[in-house]
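Asker: Here is the input, now give the coordinates:
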Amino acid sequence: MSSSNLSPRQRMINMMYLVLTAMLALNVSAEILRAFSLINKSLEETSLSVLVKNKDLYKAFEDRFQKEPLKSKPYYDKAISVKKNAQSILNFLKETKNLILDKAGTPDGVVNSEDFKTDEDLKRSIDEGNIDISSIVLVDPEGRSPRGLELQKRINDFRKILLSVVDKKDRKSVKIYLDNAADPPGNKINWLQKSFSSMPVAGVVTLLTKLESDVLNSETEVVSYLLNQIDAASYKFDKIESKVLARTNYVLAGQDYEADIMLVAYDTRQELDIRIDGGSKIEVENGVGKYKSRATSEGIKKWGGYISVVSPTSGEITRYPFASEYIVAKPVAVVSPDKMNVLYVGVDNPISISVPGITPENLVPKISGNSSLTGNLGKYIARVNVPGGTVNIDVFAKTSDNKGQQLMGTSIFRVRTVPNPIASVGGLISGNVSSSQFKAQGGLVALLKDFEFDMIFRVISYRVLYLSPRREIEIVSNTGAVYAPSIQKIIRGAKPNDRFIFDDIKVVGEDNVIRKLPSVVYSLN
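Answerer: Numbers count the residues shown, from 1 in each chain. Below is the predicted model:
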C-alpha cells in the first residue's frame with residue numbers, strides 16, 4: 001500500500017510501473033495479430049467475389065423486370081430496397097473501420113498508406129495491438145457509445161428488413177448470415193462491451209470486415225430468393241444454382257469442417273447426385289448434401305465438386321459445379337496475468353484466459369500442483385500455495401458435440417513469495433520522531449508498501465531495547481503486536497534523546513510463512 005505523501009519523482013516511478021504492468025497483462029502476441037490480418041485479408045477477398053455475384057444478380061433482376069414488368073415488379077421493388085439498405089450499412093461499417101484505422105495510424109482524418117505498415121504483401125495497422133481504440137470508438141462510456149449503439153441498431157434493422165421480404169414458410173431455407181445484435185440475457189455487460197471492449201485494433205477491424213461479409217452474403221441469399229420467387233408458382237428449372245453453406249470458415253486443427261451443399265431450387269421427387277472432385281459421392285438428406293472433412297494441417301483449404309441433375313423434360317443430365325474454401329488455424333491459447341507476470345503465494349492472482357475463435361463459455365482451464373483456479377467467462381482467480389518453481393495452466397475447449405475436450409495450449413508461470421513488509425511503530429518511519437507521536441502509538445505493525453497486491457501481516461513477537469543516557473539499557477520481549485504493560489510503562493517514562501530499538505521481529509502473512517524483519521530504531525526529540 002503506497003503512502004499518499006510521495007515525492008513527484010516517486011509518483012512518476014509508480015506510474016511508469018503501473019503502465020508497464022498493464023502492458024504486460026494486456027500484451028497480445030505478434031503471431032495472433034498477424035493471424036487477424038491474414039483472416040481480414042481473406043475476408044476482404046471473399047467479399048469482392050460476393051460483390052461481383054450480387055452485381056450479376058441485380059443485372060438478372062433488371063433484365064427480368066424489363067421482360068415481365070407486371071410479374072416481376074413486387075419482387076423487384078423488394079430487391080431494390082434490400083440493395084439500398086445493404087449499401088447503407090456497408091458504408092457505415094466502412095466509415096467505422098476507417099475511423100479506427102486512422103486513430104491507430106497517423107490520426108489526420110484520412111486513411112492512406114501512412115496508416116499501415118507492410119509485412120510482405122500484407123497490410124497491417126501501425127498500432128494494431130492497441131486495445132483502447134475499440135472501446136473509445138464503439139463502447140465507452142459504459143457500453144453507450146453513440147457510434148456503437150448506431151451500429152447495433154443498423155444491424156438489427158437490416159435483419160428485420162431482410163426477414164420482412166421473406167415469407168415465413170421460407171425463412172428456414174433462406175440463410176441470414178448477419179446475427180442479431182442482442183444484449184446477452186442475464187449479463188451485466190451489453191452487446192457492445194462483449195463484442196468490442198478492449199479488443200486489439202487488428203481484431204476489431206477483422207470483426208467489422210466479417211460483418212461486411214455477413215451483410216453481403218445475407219444480401220445474396222435474400223435477393224436470390226426474391227429472384228426465384230418470380231417463378232415459384234410455376235416452379236421451372238430454367239435457372240439452377242449450386243450453393244455451399246459452411247457452418248464456419250475458421251476451424252482449429254483437430255476439429256471438423258462442416259458444410260451444406262444444396263441447390264437454390266430443386267425437384268423433391270428427384271434424387272440428387274453430388275460428388276466431390278475425385279469422384280467421392282456425398283450423402284444427401286432432403287435435397288441437401290452433407291459434407292464433412294477432418295482438418296489435419298494448417299492453411300487455406302480449397303475443395304469443390306459438382307451436382308448432377310436430370311432434366312424433367314429431356315432426361316438429359318446437367319452438371320452444376322461448386323467450389324469453396326476454409327481456413328485451418330493452429331490452436332492458440334492466450335493466458336494473461338492481470339497484474340504481474342508471476343503468481344504470488346497467498347494472494348488472489350487475477351488471470352484472463354481466451355482462445356481466438358472459441359467463446360469463453362466453452363473454455364475449461366486447469367492449473368497444476370497444489371493450486372486452485374476459480375471464475376468463469378475468461379476471468380479467473382489463481383491461488384498458489386507453494387513458493388518457488390512453476391505451475392502450468394492448461395486451457396481446454398469443449399468439442400462441438402460437447403462429448404470431450406481439446407487442449408488449446410499450456411502456459412507456464414513462476415511462483416514467488418510476496419516481498420517482506422516493513423516493521424513500524426504505528427506507521428511511523430524509523431528515525432527521529434516526536435516524543436508525543438511515539439508515545440501515542442500502541443504497538444508494532446508490519447506494512448507492505450509499493451506492491452500491487454494487498455496482504456495482511458500479523459506480528460508474532462519482537463524485542464524492545466530501551467537506551468537512555470541516564471540509566472542502564474533495558475531489554476523486554478513482547479508477544480503479539482500490542483505493547484505489554486511493562487513496555488507501556490517504559491515508553492510513558494521516556495524523555496527526549498532516548499532511543500528505542502525493535503529487533504528479533506517475527507511476522508506471518510496469509511501465506512502462513514513466518515518472516516524475520518530487520519530492526520527499526522526510533523530516537524525521541
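Asker: residue farthest from the centroid of this protein?
Answerer: residue 470 (69.7 Å; Cα atoms, centre = their mean).
Asker: Identify the residues contacting it.
Answerer: residue 495 (Cβ atoms under 8 Å, 6 or more residues apart in numbering). Heads up, the C-betas are built off the backbone N, CA and C, glycines and all.
Asker: And it, how far from residue 198?
Answerer: Taking Cβ to Cβ, to the nearest Å as the criterion, residue 470 is separated from residue 198 by 65 Å.
Asker: Is residue 194 in contact with residue 182, as I believe?
Answerer: No: under the criterion of Cβ atoms under 8 Å, residue 194 makes no contact with residue 182, lying 10.5 Å away.
Asker: More neighbours: those two, which one.
Answerer: Neighbours of residue 194 and residue 182, each counted by other Cβ atoms under 10 Å, are more numerous for residue 194; the result is 15 against 11.
Asker: so which helix or strand takes in that one?
Answerer: Here residue 194, judged by DSSP states H and E, is contained in helix 191-196.
Asker: Sort out which residues of the longest helix anywhere in the chain are buried, please.
Answerer: Longest helix in the chain by number of residues (criterion: DSSP state H): helix 30-67. For helix 30-67, burial by neighbour count (16 or more other Cβ atoms under 10 Å) applies to 32-33, 35-43, 46-47, 50, 53-54, 57-58, 61, 64-65.
Asker: Can you give the distance from it to the centre of its chain?
Answerer: Using Cα atoms, centre = their mean, to the nearest Å, we find the averaged C-alpha position of helix 30-67 to lie 27 Å away from the chain's own average C-alpha position.
Asker: Following element in sequence after that helix, please.
Answerer: With elements assigned by DSSP H and E, the helix or strand that comes after helix 30-67 is helix 69-103.
Asker: The protein: helices as residue ranges?
Answerer: Listed in chain order, the helices of the chain (DSSP H) span 8-25, 30-67, 69-103, 133-138, 146-164, 191-196, 201-229, 435-439, 485-492.
Asker: Return the distance of the third one from the chain's centre.
Answerer: How far helix 69-103 lies from its chain's middle: 29 Å, per Cα atoms, centre = their mean.
Asker: Quick one: work out the angle between it and helix 201-229.
Answerer: Between the axis of helix 69-103 and that of helix 201-229 there is an angle of 180 degrees, by axes from the mean of the first three to the mean of the last three Cα atoms, to 10 degrees.
Asker: by contact count, what packs against helix 69-103?
Answerer: Using 3 or more Cβ pairs under 8 Å, 6 or more residues apart in numbering; DSSP states H and E as the contact criterion, the elements in contact with helix 69-103 are helix 30-67, helix 133-138, helix 146-164, helix 201-229.
Asker: Now that residue 525 has come up, it's in contact with residue 437, right?
Answerer: No: the pair formed by residue 525 and residue 437 falls short of the contact definition of Cβ under 8 Å, at 10.1 Å.
Asker: The two: which has the busier surroundings?
Answerer: A side-by-side neighbour count of residue 525 and residue 437, using other Cβ under 10 Å, places residue 437 first with 13 against 10.
Asker: just to revisit the earlier point, can you put the helices of the chain in TSV and add distance to residue 409 and mean pLDDT?
Answerer: Formatted as TSV, the entries for these read as follows, by distance: least, Cβ to Cβ, whole Å; pLDDT from 0 to 100:
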stretch	distance to residue 409	mean pLDDT
helix 8-25	18	44
helix 30-67	11	90
helix 69-103	28	95
helix 133-138	24	94
helix 146-164	31	96
helix 191-196	23	92
helix 201-229	18	93
helix 435-439	55	93
helix 485-492	57	94
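Asker: Just the C-alpha atoms of stretch 117-128, please, in PDB.
Answerer: Listed in PDB are the C-alpha atoms of stretch 117-128, where the atom choice follows Å, rounded to 0.1, in the frame of the first residue of the first chain:
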ATOM      1  CA  LYS A 117       3.000  -1.000 -42.100                       C
ATOM      2  CA  THR A 118       3.800  -3.500 -44.800                       C
ATOM      3  CA  ASP A 119       4.600  -7.200 -43.900                       C
ATOM      4  CA  GLU A 120       5.500  -8.800 -47.200                       C
ATOM      5  CA  ASP A 121       2.200  -8.500 -49.200                       C
ATOM      6  CA  LEU A 122       0.100  -8.000 -46.000                       C
ATOM      7  CA  LYS A 123      -1.100  -4.500 -44.900                       C
ATOM      8  CA  ARG A 124      -1.100  -4.200 -41.100                       C
ATOM      9  CA  SER A 125      -2.200  -1.200 -39.000                       C
ATOM     10  CA  ILE A 126       0.600   0.700 -37.300                       C
ATOM     11  CA  ASP A 127      -0.800   0.300 -33.800                       C
ATOM     12  CA  GLU A 128      -2.600  -3.000 -34.400                       C
END
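Asker: Buried residues, that stretch. List them.
Answerer: Applying a neighbour-count criterion of 16+ other Cβ under 10 Å, the buried positions in stretch 117-128 are 124-125, 127-128.
Asker: tell me the strands in the stretch 201-350 of the chain, going along the chain?
Answerer: In chain order, the stretch 201-350 of the chain shows strands spanning 242-246, 250-252, 256-263, 273-276, 283-285, 288-294, 299-310, 317-329, 334-337, 343-344, 349-354, with DSSP state E, counting those that start in this stretch as the criterion.
Asker: partners of the last one in the sheet?
Answerer: Put plainly, it is strand 349-354. strand 334-337 (antiparallel), strand 379-384 (antiparallel) (DSSP bridges).
Asker: ranking those by mean pLDDT, which is last?
Answerer: Taking each of the strands paired with strand 349-354 in turn, the lowest mean pLDDT turns up on strand 334-337, with a mean of 60.
Asker: related to what we said a few turns ago, and the helix holding residue 194, how far from the chain's centre?
Answerer: If you compare the mean C-alpha spot of helix 191-196 with that of the full chain, they lie 10 Å apart, counting by Cα atoms, centre = their mean.
Asker: Please name every helix or strand in contact with it.
Answerer: When contacts are defined as 3+ Cβ pairs under 8 Å, 6+ apart, helix 191-196 sits against helix 133-138, helix 146-164, helix 201-229.
Asker: Could you dump those helices into a markdown table with distance to residue 275 added?
Answerer: Shown next, in a markdown table, are those (distance: least, Cβ to Cβ, whole Å):
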| stretch | distance to residue 275 |
| --- | --- |
| helix 133-138 | 45 |
| helix 146-164 | 33 |
| helix 201-229 | 24 |
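Asker: quick one, which of the ones you listed is nearest to residue 417?
Answerer: Across these, the minimum distance to residue 417, taken as Cβ to Cβ, is reached by helix 133-138, at 35.6 Å.
Asker: what's that closest one packed up against?
Answerer: Identification of packing neighbours for helix 133-138 by 3+ Cβ pairs under 8 Å, 6+ apart yields helix 69-103, helix 146-164, helix 191-196, helix 201-229.
Asker: so which of those helices is the most packed in?
Answerer: The highest mean neighbour count among the helices and strands packed on helix 133-138 belongs to helix 201-229 (a mean of 22), with neighbours defined as mean count of other Cβ atoms under 10 Å.
Asker: and the angle for that helix with helix 146-164?
Answerer: 20 degrees.
Asker: still on that earlier bit, as a markdown table, the helices and strands packed on helix 133-138 with distance to residue 458 would be great.
Answerer: Listed next are the helices and strands packed on helix 133-138 as a markdown table, based on distance: least, Cβ to Cβ, whole Å:
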| stretch | distance to residue 458 |
| --- | --- |
| helix 69-103 | 50 |
| helix 146-164 | 48 |
| helix 191-196 | 40 |
| helix 201-229 | 46 |
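Asker: These: which one's closest to residue 378?
Answerer: Each of these was scored for nearness to residue 378 using Cβ to Cβ, and the closest is helix 191-196 (10.5 Å).
Asker: Only alpha carbons, please: show the closest one as PDB.
Answerer: Once side chains and other backbone atoms are set aside, the C-alpha atoms of helix 191-196 remain, and they are given as PDB (Å, rounded to 0.1, in the frame of the first residue of the first chain):
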ATOM      1  CA  TRP A 191     -23.600  -6.500 -26.700                       C
ATOM      2  CA  LEU A 192     -21.100  -3.600 -27.400                       C
ATOM      3  CA  GLN A 193     -19.000  -4.400 -24.300                       C
ATOM      4  CA  LYS A 194     -19.000  -8.100 -25.100                       C
ATOM      5  CA  SER A 195     -18.200  -7.600 -28.800                       C
ATOM      6  CA  PHE A 196     -15.700  -4.700 -28.800                       C
END
